[in-house]
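1. Here is a sequence together with a model predicted from it:
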Amino acid sequence: MAHVPVATATVSRDAISPNAAATSIVIPALDEAASIASVVAGFRAAAPWREILVVDDGSHDETGREAEAAGARVLRHPYNIGNGAAVKNGIRNASGTFVLIADADGQHRPADAVRLVSRLDQYDLVVGTRSSQSQATSARRLGNTVLNWLASYLTGQPVPDLTSGFRAARRDHLAEFLHLLPNGFSTPTTTTLAFMKAGYRVRFEPIDAAQRSGASKIRLGADGVRFFVILLKVITIFSPLRIFMPVSAASFALGAAYAVWTIITQSHVTNSSVLLILLSVVIFLVGLVSEQISSLRFEGRR
């Protein structure tokens with residue numbers, strides 16, 4: 001199992017890495033005309049990037065025009081498809097060896113982008129890890145804490161920030177998982193888990209995230225449930241027994257306990273306890289077969 005180092009101290013801005021010249025910055029944007037020009041200008045001033053791609057996901061304002069005026073290459077969707085779809089389109093059209101994904105709302109600092117990209121000499125994915133204070137509300141902090149804990153359990157490795165959209169990776173590795181990425185707001189969740197379960201080298205790098213401009217497009221209730229489902233889906237693809245084993249063990253324990261209780265109190269074993277034990281065996285066998293299928297996914301992988 002790959003070791004995932006978690007950086008704990010704030011790192012000063014590194015000297016500009018040669019990796020920057022081989023990096024395509026992908027910025028998905030929806031109705032971000034107020035901030036996109038300054039975001040593009042900030043990135044352009046920070047390093048000699050290969051290119052800055054702004055994917056205008058069906059904006060109703062002047063997002064695309066403002067981005068072009070600031071010096072970005074703009075890809076336009078004729079209608080809103082989703083944040084994940086915009087990221088995938090940007091990755092497909094990127095020409096750099098590396099890809100840096102950033103938000104269009106101004107919360108990600110260009111100096112941190114340079115630092116993330118500089119780590120790609122040693123790591124395949126570098127995630128900008130936010131502090132809890134940078135989360136907009138206490139409810140969102142609580143939700144992210146729960147998701148981080150669950151992701152850490154399911155992967156067996158520490159995951160301090162599962163949902164950060166600020167990340168840098170090798171383009172060819174990202175391309176391997178494009179078919180897994182949903183069109184909505186869960187690209188960070190999926191890519192983090194996919195890279196970790198595929199055995200790639202992942203680093204969580206602390207960043208200073210500013211307050212975003214405008215209102216967030218993520219809805220805590222609906223999108224939180226969606227993140228949870230996608231988390232389970234990705235882990236089921238890469239490591240099914242992390243899901244099936246606890247469910248099987250719980251079913252077996254419940255059935256065995258009920259059987260002991262009925263033997264003591266009624267001097268016989270009920271059908272319910274037998275069915276629960278049989279259910280645990282079936283779930284375990286399904287998980288075992290799923291684990292073997294999961295292992296076959298990476299046979300012959302580059």
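-> Here it is on my side, so go on. Numbering: from 1, shown residues only.
2. Quick one: name whatever helix or strand follows the least confident helix or strand in the chain by mean pLDDT.
-> Ranking every helix and strand in the chain by mean pLDDT, DSSP states H and E puts helix 220-238 at the bottom, with a mean of 68. Sequence-wise, the next helix or strand downstream of helix 220-238 (DSSP states H and E) is helix 241-266.
3. where exactly do the strands run in this protein?
-> Per DSSP state E, the chain carries strands over the ranges 23-29, 51-57, 73-77, 98-101, 125-129, 167-170, 202-206.
4. Can you point out the buried residues in the third one?
-> Residues of strand 73-77 classed as buried by neighbour count (16 or more other C-beta atoms under 10 Å): 73-75, 77. Yep, even glycine has a C-beta here, placed from its N, CA and C like the rest.
5. And for the fifth one?
-> Of the residues in strand 125-129, 125-129 count as buried by neighbour count, 16+ other C-beta under 10 Å.
6. How far away from the center of its chain is that strand?
-> 10 Å (C-alpha atoms, centre = their mean, to the nearest Å).
7. any weak-confidence spans in this structure?
-> Scanning the chain with the threshold set as pLDDT under 70 gives 1-15, 132-140, 210-224, 226-227, 230-231, 297-302.
8. mind redoing it with 80?
-> Along the chain, the parts satisfying pLDDT under 80 run over 1-17, 131-144, 146-147, 150-151, 154-155, 184-186, 209-239, 294-302.
9. Could you chop it up by domain?
-> Annotated domains of the chain cover 18-237, 241-296 [automatic domain parsing].
10. and among those, the most buried is which?
-> Mean neighbour count (mean count of other C-beta atoms under 10 Å) peaks for domain 18-237 among the domains of the chain, with a mean of 20.
11. Ends of that one, what's the gap?
-> Domain 18-237 has an end-to-end distance of 36 Å (criterion: C-alpha to C-alpha, to the nearest Å).
12. Same question for stretch 194-201.
-> Length of stretch 194-201, first residue to last, C-alpha to C-alpha: 11 Å.
13. what ranges do the helices span in the chain?
-> Under the criterion DSSP state H, helices of the chain are mapped to 36-46, 63-69, 83-93, 110-118, 138-155, 171-176, 187-197, 220-238, 241-266, 271-296.
14. Make CSV out of the ones you listed and add distance to Ala102.
-> Shown next, in CSV, are the helices of the chain (distance: least, C-beta to C-beta, whole Å):
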stretch, distance to Ala102
helix 36-46, 7
helix 63-69, 13
helix 83-93, 10
helix 110-118, 7
helix 138-155, 19
helix 171-176, 14
helix 187-197, 12
helix 220-238, 19
helix 241-266, 31
helix 271-296, 32
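15. To Val26, which of the ones you listed lies closest?
-> Smallest distance to Val26 across the helices of the chain (C-beta to C-beta): 3.4 Å, for helix 83-93.
16. from what I can see Ala249 touches Ser280, true?
-> Yes: here Ala249 reaches Ser280: they are 7.1 Å apart, a contact under C-beta atoms under 8 Å.
17. Spatially nearest residue to Phe228, not counting backbone neighbours?
-> Leu147 (7.0 Å; C-beta to C-beta, 6 or more residues apart in numbering).
18. pretty sure the one you found is in contact with Leu162, am I right?
-> Yes: between Leu147 and Leu162 there is a contact under C-beta under 8 Å: 5.1 Å.
19. could the buried residues of strand 73-77 go into CSV alongside distance to Ile91?
-> Below are the buried residues of strand 73-77 laid out as CSV (distance: C-beta to C-beta, whole Å):
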residue, distance to Ile91
Arg73, 14
Val74, 16
Leu75, 11
His77, 14
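20. and of these, the nearest to Val54?
-> Among these, Val74 lies closest to Val54 (C-beta to C-beta), at 5.0 Å.
21. Contact partners for that closest one?
-> Going by C-beta atoms under 8 Å, 6 or more residues apart in numbering, Val74 touches 53-56, 64, 67-68.
22. out of the residues you listed, who's nearest Ala21?
-> Once C-beta to C-beta is applied, the member of the contacts of Val74 that ends up nearest Ala21 is Leu53, at 15.5 Å.
23. Please tell me I have it right and the closest one contacts Ile25.
-> Yes: the criterion here is C-beta under 8 Å, and Leu53 meets it with Ile25 at 6.7 Å.
24. Need the residues touching each of these two.
-> Shared contacts of Leu53 and Ile25 (C-beta under 8 Å, 6+ apart): none.
25. Format the CA atom coordinates belonging to stretch 116-126 as CSV.
-> Written as CSV, here are the backbone C-alpha positions of stretch 116-126 (Å, rounded to 0.1, in the frame of the first residue of the first chain):
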residue,chain,number,x,y,z
LEU,A,116,2.0,22.3,-6.0
VAL,A,117,3.5,21.9,-9.5
SER,A,118,7.0,21.7,-8.1
ARG,A,119,6.1,18.6,-6.2
LEU,A,120,5.3,16.7,-9.3
ASP,A,121,8.9,15.5,-9.7
GLN,A,122,8.2,13.1,-6.8
TYR,A,123,4.5,12.7,-6.7
ASP,A,124,1.8,11.8,-9.3
LEU,A,125,-1.0,13.9,-7.6
VAL,A,126,-0.6,16.9,-5.3
